[in-house]
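Visitor: Please find the sequence and the predicted model below.
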Amino acid sequence: MKIVCVGGGPAGLYLGILARLRSGGRAEVVVAERNAPGTAPGFAVTLGEDILDELYRTDPVGAEGVRAAAHVWGDQVVEVGDETVHLGGRYGYAIGRARLLEVLTARARQVGVDLRFDTTVAADGDLEADPLTAGADVVVAADGINSAIRSARADAFGTRIAHGANRYVWFGTTKPFEAFTFAFERTHAGWIWFHAYPAADCLSTCIVECAPETWRGLGLDGMPGDEAMRTLEMIFGRALEGHELVAPPGMGSSPWLQFREVRNTSWRDGHVVLAGDAAHTTHFAIGSGTVLAVADAIALAEELFPDPEPGDSDAPVAVTDVEAALAAYDARRRTAMAPIQDMARRSMEWFEAVPERLEGAGAVDFSWSLLDRRGDQGPLHRRLHEVTQIEPVRQVRRQLTLARRVRRALRRGEIDPVGAITGSS
């Protein structure tokens, strides 16, 4: 079987890795990336326990490399002006996007994936005319939110794109955040806020967001990128503690974005399938883009190279009915993604109503609303949130959270779980 992955992000690379592993090295896998190696944009991405479990389940050797490069953030706080509220029991992992791709690229090379950098595939979407994809059994469009392949087949995929109302921009910052931090500041033009989190291998990530009225009222809509950064540094002077913002790679005259929610009524068209941001996007407020891209890769690899039936050979073999396998992948992942995208939309809409939510609300009540923005918290959680503002209670919750992390690490078989969990990374 020949598989061509168009796009060398997490979805394309991890599918390549698993296809080689699950086929016993028999599958021919090409990953074509239009950029040069080591030129990944952005700062850090976040991971959770569930995806680490899946990485260890599907490729324990590669998972160790990802986990070793990831940084644990063990607290989450909300700052409203000069008041700080603690969200107890929250933790996660962060890794620089460039570092993650470096780890996955090295593993892909190790298992025999044919990596083609500086390679543009079917820029016009005509896969049959491109020599790299013309003879492939499966073509995976993992070429991002602006996927040329998806755009060329938009009718077949049933592509729908909706836009969020707020404006946002991804920055880095020289401030070494210890906790995942939401910071809200009132300006003469309205409220503006950031989501910030640390990573061990790159600058902290700082996503600034505001309503369009605030964006225009502060003059950010017509302000050059460098000037906008200096303005935001002054607005967030307290929260950044005098540290600088750092421009995203390739920042143009204006770095501001509007979130685009991508949905498709089908993820396959013949032997072509979508994965990652080409198939779906979720608002950055839930931090799941990389996680969901990897989950796509795992599902597709398992459908193309299913586990053997009891009594058969120990190794997965390639399916004989590729069309049926792609249909199963399509149904499996679209079914899984629908509630996740609905949850992400609720989170996006919560942030779009931040100015109204903040007016007249106390910091603790507002932070509870933020915590429950997906509607998954109960009355007991509300009471626990209130008592978490007491330092001795927070200490107890931190110890319980640490124990939970150690238990998960032991269960998935990390080499040195206690050292990895209790150390700085």
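Guide: Yes, it's here.

Visitor: I'd like to know how far Leu402 sits from Val72.
Guide: Distance of Leu402 to Val72, given as Cβ to Cβ, to the nearest Å: 10 Å. Using the backbone N, CA and C atoms, a C-beta is placed for each residue, glycine as well.

Visitor: do the same with Met229
Guide: 28 Å.

Visitor: just Thr133 next, same as before
Guide: Applying Cβ to Cβ to Thr133 and Val72 gives a distance of 40 Å.

Visitor: who's more crowded, these two?
Guide: Using other Cβ atoms under 10 Å, the more surrounded residue of Thr133 and Val72 is Thr133, with 22 against 18.

Visitor: distance of the residue nearest to that one when sequence neighbours are not counted from Gly74?
Guide: Nearest residue to Thr133 in three dimensions, chain neighbours excluded: Leu127, at 4.3 Å (Cβ to Cβ, 6 or more residues apart in numbering). Distance of Leu127 to Gly74, computed by Cβ to Cβ: 46 Å.

Visitor: The nearest residue to Leu18 once chain neighbours are set aside sits in which helix or strand?
Guide: Computed as Cβ to Cβ, 6+ apart, the closest residue to Leu18 that is not its neighbour in sequence is Ala301, at 3.6 Å. Here Ala301 sits within helix 289-304, counting by DSSP states H and E.

Visitor: buried stuff in that helix?
Guide: Under the neighbour-count criterion of 16 or more other Cβ atoms under 10 Å, helix 289-304 has 289-304 buried.

Visitor: now stretch 79-87
Guide: Neighbour-count burial for stretch 79-87 [16+ other Cβ under 10 Å]: Glu79, Val80, Thr84, Val85, His86, Leu87.

Visitor: Any idea how far apart the tips of that stretch sit?
Guide: Using Cα to Cα, to the nearest Å, the gap from the first to the last residue of stretch 79-87 comes to 11 Å.

Visitor: how far does that stretch sit from the chain's center?
Guide: Per Cα atoms, centre = their mean, to the nearest Å, the displacement of stretch 79-87 from the mean C-alpha position of its chain is 25 Å.

Visitor: Rounded mean pLDDT for that stretch, please.
Guide: The average pLDDT for stretch 79-87 rounds to 96.

Visitor: how far out from the middle of the chain is the helix holding Ala301?
Guide: On Cα atoms, centre = their mean, the centre of helix 289-304 falls 13 Å from the chain's centre.

Visitor: between Leu127 and Gly74, who's got more neighbours?
Guide: Leu127 (23 against 15).

Visitor: hmm, back to that, out of the buried residues of stretch 79-87, which sit inside strands?
Guide: Glu79, Val80, Thr84, Val85, His86, Leu87 (DSSP state E).

Visitor: right, and the helix or strand after the helix holding Ala301?
Guide: Using DSSP H and E, the helix or strand that follows helix 289-304 in sequence is helix 322-352.

Visitor: Which neighbouring elements make contact with that next one?
Guide: strand 159-173, strand 257-264, strand 268-269, strand 272-274, helix 289-304 (3 or more Cβ pairs under 8 Å, 6 or more residues apart in numbering; DSSP states H and E).

Visitor: Can you add mean pLDDT and distance to Ala98 and give those back as JSON lines?
Guide: As requested, the helices and strands packed on helix 322-352 are exported to JSON lines (pLDDT from 0 to 100; distance: least, Cβ to Cβ, whole Å):
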{"stretch": "strand 159-173", "mean pLDDT": "96", "distance to Ala98": "12"}
{"stretch": "strand 257-264", "mean pLDDT": "96", "distance to Ala98": "20"}
{"stretch": "strand 268-269", "mean pLDDT": "96", "distance to Ala98": "31"}
{"stretch": "strand 272-274", "mean pLDDT": "97", "distance to Ala98": "24"}
{"stretch": "helix 289-304", "mean pLDDT": "97", "distance to Ala98": "12"}
